[in-house]
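Novice: Here's my sequence, what's the structure:
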Amino acid sequence: MSAARTVTVHTLDHGPITITCPDWCIGHEGPPQYRVDLSHFGPDRPLTLPTRRGPAIHLVTALEVRPYVDDSFLRLPFVGVHIGGDWYPTGLAGLEAMADALTAQADALRDQARELAVILAGGRP
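Specialist: Got it, this is the predicted structure:
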């Protein structure tokens, strides 16, 4: 078992702070100005869809934790989900709800594919 990995971050309000990084942490978003801004980030995990022009990213997810914020939800590891230009901190229930919604949307795409198949075969939808 290896020793815990630590990093020292310089803050404006608390000076240098040494913190232990989770195993999945690959870095921190720039030097935080204040201790509350400190976050641990995991690697981005892009979710792509195949298109005629190659894979297109439609969602990006990443593990994160913000150990010094007031919001207790963000002090435990969560998954940030990047949708439409913004990040949404998401827990277990939220991830399950998003997966359910994506499954329903996949079913809707399949319905549309079947409709298109009928049209291309010369039928009516």
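Novice: CA atoms for contacts and neighbours, from now on please.
Specialist: OK.
Novice: Parallel or antiparallel, list what pairs with the longest strand anywhere in the chain.
Specialist: If you go by DSSP state E, the chain has its longest strand at strand 56-65. Strand 56-65 pairs in its sheet with strand 40-41 (antiparallel), strand 45-49 (antiparallel), strand 78-83 (antiparallel), by DSSP bridges.
Novice: Send me stretch 7-18 as CSV with only the CA atoms.
Specialist: Taking Å, rounded to 0.1, in the frame of the first residue of the first chain, the C-alpha atoms of stretch 7-18 are listed here in CSV:
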residue,chain,number,x,y,z
VAL,A,7,-0.4,18.6,-2.4
THR,A,8,0.2,22.0,-0.9
VAL,A,9,-1.9,24.7,-2.3
HIS,A,10,-1.4,28.4,-1.6
THR,A,11,-4.6,30.4,-0.7
LEU,A,12,-5.2,34.1,0.0
ASP,A,13,-7.2,33.5,3.1
HIS,A,14,-5.4,30.5,4.8
GLY,A,15,-1.9,30.6,3.2
PRO,A,16,-0.5,27.3,2.2
ILE,A,17,-2.6,24.3,3.0
THR,A,18,-1.5,20.7,2.6
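Novice: Show me where this structure dips below the pLDDT cut-off.
Specialist: Confidence mapping of the chain against pLDDT under 70 gives the ranges 1-2, 125.
Novice: and the longest helix seen in the chain, which residues are buried?
Specialist: Criterion DSSP state H: the longest helix present in the chain is helix 92-120. Buried positions in helix 92-120, judged by neighbour count with 16 or more other CA atoms under 10 Å: L95.
Novice: okay, the angle between that helix and strand 78-83?
Specialist: Taking axes from the mean of the first three to the mean of the last three CA atoms, to 10 degrees, one finds that helix 92-120 is oriented at 30 degrees with respect to strand 78-83.
Novice: what residues are up against H10?
Specialist: 16-17, 31-33 (CA atoms under 8 Å, 6 or more residues apart in numbering).
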